[in-house]
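Peer 1: pasted the sequence and its predicted model underneath.
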Amino acid sequence: MNSFAIATLMCAIINFGFSIFIYIKRQRNLITKTFALMCISIGVWSLGLFLQVTATEKTWGLFWTRLLYVGVIFIPIFFLHSILVLLDLHKEKRKILIFCYTFALLFLPFTFTKLFIKDVVPKVTFQYWEVPGPIYPFIFIFFIACVTYALYLMFRMYRRVSAFKQEQIKYFLIGGIIGFTGGITIFLPVFNIPLYPFGMYLVLLYPIIIAFAIVKHRLMDIRVAITRTGVFIAVYTVVLGLPFAVAIRLKEWLIAVAGAQWWMLPLGLMGLLATVGPFIYIFLERKAEDKLLREQRRYQQTLKQASLGMTRIRDLRRLLDLITHIITKTVRIAYAAIYLYNSENDEYVLQVSRDKGRVPVAKLTPDNPLISLITLKREPLIYEEVKRQMQDLNDPVYRLLEENMRLLTASVVIPSFLENKFMGFIVLGEKVSGQLYTVEDLNVFQVLASQAALAIENAQFYDETKRMQEQVAQAEKMATVGTMADGLSHQINNRFYALSLIAGDTIDTIKMTDTSKCTPEMKKMIDEVNYALNRIQANVMQGGEVVKGILKYTRKGEDIFEPLTLDQIIDGTLDMVQYKVKLSEIDIVRNYFKDIPKIKGNLVQLEEVFFNFIDNAYDATVERKTILKEEGYKGKIDLFAYLKDDKLEIMIQDNGMGIKEHDAKKIFTPFFTTKISARKGTGLGLYVINRIITDTHKGKIAFESEYKVGTRFIIELPIAQ
């Protein structure tokens, strides 16, 4: 058995093996199906060629020669089909494919006739080689035309596609040139060109290169694929070829030395090389990759070091800027962005992006297909894979997913999880160099995203703590004002009393003064002064009432629970709230009977509850009036009360702006507010109300709301026995 026969046998084994492996690996992918079929065709050709050159009888030599052309006819068709799928031209060039398959099927029956192969005769160094028949040139021209057209399409489309697609095309282009250049040499002896078909060794490279491209095409650099292939071929040529060479060249010497057991030395050598071969391959592969991927390993190490230091940063904005800066500068990425989950709006919101020339998508909702798939798979999404799935499966979900990734200008989307909590995701554009994201790249990015999730959680917690401290400080200030209210009210009332006395005395003096002899101008001036003094007295009285209301609201009051009528509570609430809201702008309607049972409760606390209800309802009506600008709209608050077992159910309903659905679950959360301006409230009102109703009064509270329609609060309070 010569080295050519060994090469053909290896080619058959490799192609049949790859066809099975690749098809199983990505069986739903059209390009892998067509490539697997091409590998089978090459395997049939290689196996037939092996049996042809090792045949001992002419009859079998002719049979195997004709059989191998069953594979030859379909090799260029499956190659062209694979390329058209790769370039997304298979639908556009459908007629060409139909013509090619029809041509092959029509000529297939002639492969076992003399019209195609007349005979087999000795050529070059082989015992049996084919003598072409009259239709053989047509098959040969068809073969060359299909391959040339496929290579032409790849050259033409190379500059028109993305950098990622260019890397994919490189695999098929380089693999095709290497494989088919080697394959053409097999046909030279057919046309009586006496050259040994050394190209068979190049054919071995083709399936290995393309198989790497398909199985890992999104993750590998073409240089790595070629290097791995070269190392693989070199190592296993020695592993498999050296024992055969020893057996063939040194057979006589081995027989003289070992006698009938001469074959044990080549067999032992093969066993030894087969054992150490994988270790040699791994060692050489690692050395070659270290040299080729030196730059990638450098920035991967930089990213790993950066991920360890992120948790020390407390400022969220600075942290996010640092992450995007490190990624874009270190890896040299054209675009990067970070989206984080915003619990208040239930959205994933863009926080930072680096590339001033782009207009990024501002936010994504949780029901977006991109978010759904990331949370389900918890692994990076690659745009080209999503696009391929969309084309192969024709699934509307993948179509939406592809559209979203395209709008995000994302080559890769890296999710960021903190245990089971999905914090957000990092969007990465193409590398400036046009290189692919390797497996190691994605692994490093996932580590970075995990560390970033922890750092972001820490920064958010720090911000939240800082904000809560500010709110607590503000609440303490308000409590201090309440404590000072008694003293302040006394001082203010004293001033009001003095002003009232002065104004009253002056008015009495004017009344007792004879003005009959005064000039008209003087009389007019005295009347104006008298009017001004009366106004002062009226405002002094009103100011006293304001101070009285503030004092009543700020005093803690005793924890006395007594029978209270609903009117008693509402009247006291309106006395206080009139100084904060304009009651003339809103209708407050009491839709309950006067003889409803009394409530057992604390008057001061319940007045605080209804104060907050009316205050919030008023703000909601103002917001609706400002935003919707409805003609004839006026705010309204309806109060209902019904007896329910041993409790009184009270409903406070407004026709304000309402509460958004995603805010509903946070309405009783401390420091959460839906008011337009943060100055209007601290977000403590409804939280305090909930505590007063449920904890202090042992009642219940619930609410219903529809955005742009209104809100209804329902409370249950125990009735007085």
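Peer 2: Thanks, I have the structure now. Numbering: from 1, shown residues only.

Peer 1: what is the neighbour count of the closest residue to Val529 other than its chain neighbours?
Peer 2: In this structure, Val529 finds its nearest non-sequential neighbour in Ile510, 7.1 Å apart by Cβ to Cβ, 6 or more residues apart in numbering. Just so you know, the C-beta spots here come from the backbone N, C-alpha and C atoms, and that holds for glycine as well. Neighbour count for Ile510, taken as other Cβ atoms under 10 Å: 14.

Peer 1: cool, and Val604?
Peer 2: By the measure other Cβ under 10 Å, the count of residues near Val604 is 16.

Peer 1: now do the SS call for it.
Peer 2: When the structure is split into helix, strand and coil by DSSP: H, G, I helix; E, B strand; the rest coil, Val604 lands in helix.

Peer 1: how close does it get to Glu562?
Peer 2: Separation of Val604 from Glu562 (Cβ to Cβ, to the nearest Å) stands at 11 Å.

Peer 1: got it, and Val85?
Peer 2: According to Cβ to Cβ, Val85 stands 83 Å off from Glu562.

Peer 1: now Ile614: which helix or strand?
Peer 2: Assigned by DSSP states H and E, Ile614 belongs to helix 603-628.

Peer 1: mind listing what Ile139 touches?
Peer 2: Ile139 makes contacts with 69, 72-73, 107, 116, as judged by Cβ atoms under 8 Å, 6 or more residues apart in numbering.

Peer 1: closest to Met390 among the residues you listed?
Peer 2: Ile73 (32.8 Å; Cβ to Cβ).

Peer 1: okay but that closest one is in contact with Phe107, surely?
Peer 2: Yes: taking Cβ atoms under 8 Å as the definition, Ile73 is a contact partner of Phe107 at 6.4 Å.

Peer 1: part of a strand, is Glu716?
Peer 2: Yes: secondary structure of Glu716, determined by three-state DSSP: located in a strand.

Peer 1: bridged to it, which residues?
Peer 2: Residues in a beta bridge with Glu716, per DSSP bridges, are Glu649, Lys700.

Peer 1: give the next helix or strand downstream of the helix or strand bottoming out on mean pLDDT in the chain.
Peer 2: Between all helices and strands in the chain, the lowest mean by mean pLDDT, DSSP states H and E belongs to helix 294-309, at a mean of 60. Stepping forward along the backbone from helix 294-309, the first helix or strand reached (DSSP H and E) is helix 316-331.

Peer 1: using PDB, write out every CA atom in that following helix.
Peer 2: What follows is helix 316-331, C-alpha atoms only, in PDB (Å, rounded to 0.1, in the frame of the first residue of the first chain):
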ATOM      1  CA  LEU A 316     -22.700  53.800  39.600                       C
ATOM      2  CA  ARG A 317     -22.200  56.200  36.700                       C
ATOM      3  CA  ARG A 318     -18.400  56.100  37.000                       C
ATOM      4  CA  LEU A 319     -18.500  52.300  37.200                       C
ATOM      5  CA  LEU A 320     -20.500  51.900  34.000                       C
ATOM      6  CA  ASP A 321     -18.400  54.400  32.200                       C
ATOM      7  CA  LEU A 322     -15.300  52.500  33.300                       C
ATOM      8  CA  ILE A 323     -16.700  49.200  32.100                       C
ATOM      9  CA  THR A 324     -17.500  50.500  28.600                       C
ATOM     10  CA  HIS A 325     -14.200  52.400  28.400                       C
ATOM     11  CA  ILE A 326     -12.100  49.300  29.300                       C
ATOM     12  CA  ILE A 327     -14.000  47.000  26.800                       C
ATOM     13  CA  THR A 328     -13.900  49.400  23.800                       C
ATOM     14  CA  LYS A 329     -10.300  50.500  24.300                       C
ATOM     15  CA  THR A 330      -8.800  47.200  25.300                       C
ATOM     16  CA  VAL A 331     -10.600  44.900  22.800                       C
END
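
Peer 1: what comes up buried for that helix?
Peer 2: When neighbours are counted by 16 or more other Cβ atoms under 10 Å, the buried residues of helix 316-331 are found to be 316, 319-324, 326-328, 331.

Peer 1: so, low pLDDT: which residues of the stretch 51-200 of the chain?
Peer 2: Applying pLDDT under 70 to the stretch 51-200 of the chain picks out residues 162-164.

Peer 1: any chance you could map the helices in it?
Peer 2: The residue ranges that make up the helices of the stretch 51-200 of the chain, judged by DSSP state H, counting those that start in this stretch, are 58-86, 94-107, 136-158, 163-187, 200-203.

Peer 1: leaving out sequence neighbours, find the closest residue to Ile31.
Peer 2: What sits nearest to Ile31 in space, not counting adjacent residues and going by Cβ to Cβ, 6+ apart, is Val85, at 4.5 Å.

Peer 1: from Ile210, how far off is that neighbour?
Peer 2: Using Cβ to Cβ, Val85 is found at 13 Å from Ile210.

Peer 1: separation between the residue in the chain sticking out farthest from the centre and Ile507?
Peer 2: Among the C-alpha atoms of the chain, the one farthest from their average position, using Cα atoms, centre = their mean, is that of Lys517, at 91.6 Å. Lys517 sits 21 Å away from Ile507, taking Cβ to Cβ as the criterion.

Peer 1: so can I have TSV of the helices of the stretch 51-200 of the chain showing distance to Phe668?
Peer 2: Putting the helices of the stretch 51-200 of the chain into TSV (distance: least, Cβ to Cβ, whole Å) gives the following:
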stretch	distance to Phe668
helix 58-86	57
helix 94-107	62
helix 136-158	60
helix 163-187	49
helix 200-203	73
